[in-house]
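>>> Pasted the sequence and its predicted model underneath.
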Amino acid sequence: MCGIFGIYSYKSIPITNLFNILNELKHRGKDSYGISYIKENNIETLKLLELPEITTYNNCNIKIGITHNRYSTNKNKNNSSFVDQIQPIEFKNKYLDFVLAHNGNISNIHKYIQYNSNEYSDTQNIMKFFNNITPDNFESKLIEFVNTIHCSYSILILYNNTLYAIRDRYGYKPLILGQLNNDYCVSSENCITNFNKIRDIEPGEILKITNNNYTTIYQKKNSIINKCIFEYIYFMNERTTFNNHNIFNIRKNLGIQLAKEEKFNFNKKNTIVIGSPNTAIPMGKGYANYLNLNYEQLLIKHHNTGRTFILKDQESRIDACKKFIINKDAIYNKTIILVDDSLVRGNTINSLSNMFRKCGCLDLHIRICSSELKFPCYYGIDIPTKKELIINNYNIQEIEQKFNLTSLRYISINSMINAFNNDTNFCTACFDGEYNKELDW
């Protein structure tokens, strides 16, 4: 999972606008940042491990540019490896050059090209697909790419004063067409300030933006659609709308569906529901409203605390879990129901359980608005092995004992899907092991 954005302006805009976009998509990745833009008919690229002071670039104006927020699924996450892998990735042969930004995972890349080093990212490796590309066959090569390369990707390409947007045939990753101050743009999400959504880019579609117009040059129809359900549960900003779903409402519905499965009878006078910040706040509110329980946001995060799931290593995740602010007095001698979006490695629950118990809560119940994460993800979420998932090492009763919980309950897969009403075309492989049958690993 990464964040990508591209804009084609009919006027000159400050490049600092693109730094603002990188900041607004940081929830999709902060391992590295990149910007590519056209200046005097040449492509220039900035690759950064940290966002700089944007005042450095106050005098730079552009018309076309793409950005990339990186959330790495590579095992090697040290800074030296990241430098070469920072996107956008540049391609050049004797005929042309272009840059490409990619969100997703093509972990079965060996099926399509030959490569010699596992040190390269899948994005670096797919660039080899274009080795023989020329100006005459550029668009036909993009069509061949969509017809040939399976797996999960949303891609932006900047070439010859033109912006291309490509979404994989299964629709794993989000990609949205819109306007920003009347300029056409494409983004992983429409939560960006002043972004006016036009429509979702369709699975298998190649969109071309040039001269402030857009057109579909190809669309690959496919019988299997597998939208990543974890995008809605965790990754997307709650202000985003995608596939006719408002993310805030979906998360609230997940809380309602979880509440419908509740077996405990809580003392309403002494029970407080809390949503784990920030993703699970609407989930907690939906859960509390359905059961007519008191909801109070007695837990908040310190400003600029990273999202624990997307941090680059276990040490960073554990450190981030310490950066909560808790209302101690309001928790003392209360039954607490903490609603969270997921339980992956157990870092957050461990930290929060210690905090709540030190504050003197009477009981601590954990409610999870996704099912048990049991399987690796091959489509762009950093779940590479079954071993690191806590549910594969301890059963529910053991987790309760390990973290001093009164109870732990997950939502069922069926109820999780029910939160989307009549929409059922989701990939739930990380929960049920039902991987895309068209893909070989």
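The structure has been received and is ready for your questions.
>>> Give me the below-cutoff pLDDT ranges for the protein.
Scanning the chain for pLDDT under 70 picks out 55, 73-82, 115-119, 303-322, 384, 440-441.
>>> At the geometric centre of it, which residue do we find?
What sits nearest the mean C-alpha location of the chain, by CA atoms, centre = their mean, is Phe235, with 3.8 Å.
>>> hang on, it packs against Arg28?
Yes: applying CB atoms under 8 Å as the test, Phe235 and Arg28 come out as touching, 6.4 Å apart. For glycine as for every other residue, the C-beta is placed from the backbone atoms N, C-alpha and C.
>>> tell me, what's touching those two both at once?
Contact with both Phe235 and Arg28 is made by residues Met1, according to CB atoms under 8 Å, 6 or more residues apart in numbering.
>>> roughly how far apart are Lys358 and Leu364?
11 Å (CB to CB, to the nearest Å).
>>> what does Ser276 give?
12 Å.
>>> Which neighbours do those two have in common?
Shared contacts of Ser276 and Leu364, counting by CB under 8 Å, 6+ apart, come down to Leu338.
>>> List the pairing partners of the one helix or strand Ile155 maps to within its sheet, with orientation.
In the assignment (DSSP states H and E), Ile155 maps to strand 152-159. When pairing is defined by DSSP bridges, strand 152-159 lines up against strand 97-105 (antiparallel), strand 162-167 (antiparallel).
>>> The closest residue to Ile383 other than its chain neighbours - how many residues pack around it?
Once flanking residues are discounted, Ile383 sits nearest to Cys377: 4.3 Å by CB to CB, 6 or more residues apart in numbering. By other CB atoms under 10 Å, 21 other residues sit near Cys377.
>>> which secondary structure elements does the top helix by length along the chain contact?
With secondary structure taken from DSSP state H, the chain has its longest helix at helix 247-260. Secondary-structure packing of helix 247-260 (3 or more CB pairs under 8 Å, 6 or more residues apart in numbering; DSSP states H and E): helix 281-291, helix 413-418.
>>> a markdown table for those, including distance to Leu100 and mean neighbour count?
A markdown table is the format used below for the helices and strands packed on helix 247-260 (distance: least, CB to CB, whole Å; neighbours: other CB atoms under 10 Å):
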| stretch | distance to Leu100 | mean neighbour count |
| --- | --- | --- |
| helix 281-291 | 35 | 24 |
| helix 413-418 | 34 | 17 |
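>>> Looking at Lys358 and Leu364, which has the bigger crowd around it?
Using other CB under 10 Å, the more surrounded residue of Lys358 and Leu364 is Leu364, with 24 against 11.
>>> most remote residue from this structure's center?
Outermost in the chain, CA atoms, centre = their mean: Lys269 at 38.0 Å.
>>> Quickly note the distance from that residue to Asp329.
17 Å.
>>> Check Asn58 too.
Taking CB to CB as the measure, Asn58 falls 47 Å from Asp329.
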